[in-house]
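Q: build me a structure from this.
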Amino acid sequence: MRGADRGSAVLLVAIAVVVSGAVGLGLARLGVAAIAAGRAQTAADAAALAGAIAGPEAANALAAANGAQLSGFTAEGDDVVVTVLYQGARATARASDGP
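A: Predicted coordinates for the structure are as follows:
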């Protein structure tokens, strides 16, 4: 290499490293959010089943056992609808005590 081209490969490699790092960080954040959403849904499902059988105290206990916070509980006949929060992710589930 001569003249103005000297050192341009270093600059291109540095840019590629920075872009790769930014993409990797973005993918990691998406992965963390997806895991939190899945765990929130698991906690909501468990809380809804417990709530349908044993009421809001049981729903709250199951949500807490899964690391989530029960933020909503509604009983509609045999159906129960719960909403939980887990690390910023919100999930809702419905369960029934009847057939």
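Q: measure Leu11 to Val19 for me?
A: 13 Å (C-beta to C-beta, to the nearest Å). All C-beta spots, glycine's among them, are computed from the backbone N, C-alpha and C.
Q: with Asp79 instead?
A: Distance, Asp79 to Val19, by C-beta to C-beta: 50 Å.
Q: quick one, strands of this structure?
A: Counting by DSSP state E, the chain has strands at residues 69-76, 79-86, 89-96.
Q: which of those strands sits closest to Arg6?
A: Closest to Arg6 of the strands of the chain is strand 89-96 (C-beta to C-beta; 50.8 Å).
Q: how many degrees apart are the helix ranked longest in the chain and strand 79-86 in direction?
A: Counting residues, the longest helix found in the chain (DSSP state H) is helix 8-54. Interaxial angle of helix 8-54 relative to strand 79-86 (axes from the mean of the first three to the mean of the last three C-alpha atoms, to 10 degrees): 150 degrees.
Q: starting at the chain centroid, how far to helix 8-54?
A: What separates the centre of helix 8-54 from the centre of its chain is 8 Å, taken as C-alpha atoms, centre = their mean, to the nearest Å.
Q: who has more neighbours, Asp79 and Val19?
A: Asp79 (15 against 10; other C-beta atoms under 10 Å).
Q: how about the residue lying closest to the more buried one once chain neighbours are set aside, what does it touch?
A: Excluding the flanking residues, the one nearest Asp79 by C-beta to C-beta, 6 or more residues apart in numbering is Ser96, at 5.0 Å. Going by C-beta atoms under 8 Å, 6 or more residues apart in numbering, Ser96 touches 52, 78-80.
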